[in-house]
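# coords below, sequence missing:
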C-alpha cells in the first residue's frame with residue numbers, strides 16, 4: 001500500500017471540511033485509520049478587557065468542540081477509525097510538526113485562495129506543501 005498513515009488538518013473553514021471529506025473517503029478506500037488535526041490559531045489581540053478575552057475564548061472553545069464532534073461523526077458514519085487531536089499555533093507550523101510526530105505518509109489540507117489584485121498570496125496549504133516531509137494533497 002502506498003499510504004497507510006493519513007493525516008488531515010482542519011480549522012472549521014469550508015475548505016477544511018472538503019479536505020476532511022476527501023481524507024475520510026481515502027482512508028475508507030485504503031482501509032487505514034485517519035488522524036484528524038484540528039488547528040486553532042492564537043486568540044486575537046484586539047480584546048480590550050479580561051472579560052472580552054474570556055468571552056472570545058469561550059466562543060472559540062465551543063466552535064472547536066463542534067468541529068471535533070462533527071469530524072468524529074463523519075468518520076463514524078463512513079466506518080473509518082479516527083484519532084482527533086487539537087493544537088494551537090501557527091497553522092503551517094503545527095501541521096508540519098504533527099506530520100513529523102505521527103510519521104504521516106500523506107497529509108490532506110484544504111486550500112483558500114488569498115488574492116491581492118492579480119497576485120495569489122501564500123497560504124497555509126502552500127507552506128505545508130513546501131515543508132512537509134511527505135506528499136501533500138491540497139483540496140480546493
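Perfect, thanks for sending it. All of these numbers come straight from a predicted model, not from anything done at the bench.
# tell me how many other residues crowd the spatially closest residue to residue 26 that is not a sequence neighbour.
With sequence-adjacent residues excluded and distances taken as Cβ to Cβ, 6 or more residues apart in numbering, residue 26 is closest to residue 6, at 6.3 Å. Where you see a C-beta, it was placed from the backbone N, CA and C, and this is true even at glycine. Per other Cβ atoms under 10 Å, the neighbour tally for residue 6 reads 24.
# residue 6 pairs with what?
residue 34, residue 106 (DSSP bridges).
# quick one, what contacts it?
23, 26-27, 30, 32-35, 104-108 (Cβ atoms under 8 Å, 6 or more residues apart in numbering).
# can you redo the residues you listed as a markdown table with neighbour count?
Listed next are the contacts of residue 6 as a markdown table, based on neighbours: other Cβ atoms under 10 Å:
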| residue | neighbour count |
| --- | --- |
| 23 | 29 |
| 26 | 18 |
| 27 | 25 |
| 30 | 16 |
| 32 | 17 |
| 33 | 14 |
| 34 | 24 |
| 35 | 22 |
| 104 | 23 |
| 105 | 17 |
| 106 | 22 |
| 107 | 29 |
| 108 | 28 |
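# any idea how far residue 125 is from residue 33?
23 Å (Cβ to Cβ, to the nearest Å).
# which helix runs longest in this protein?
helix 50-78 (DSSP state H).
# list the helices and strands that helix packs on?
Judged by 3 or more Cβ pairs under 8 Å, 6 or more residues apart in numbering; DSSP states H and E, the packing partners of helix 50-78 are helix 14-30, strand 34-40, strand 82-88.
# run the angle between that helix and helix 14-30 for me.
30 degrees (axes from the mean of the first three to the mean of the last three Cα atoms, to 10 degrees).
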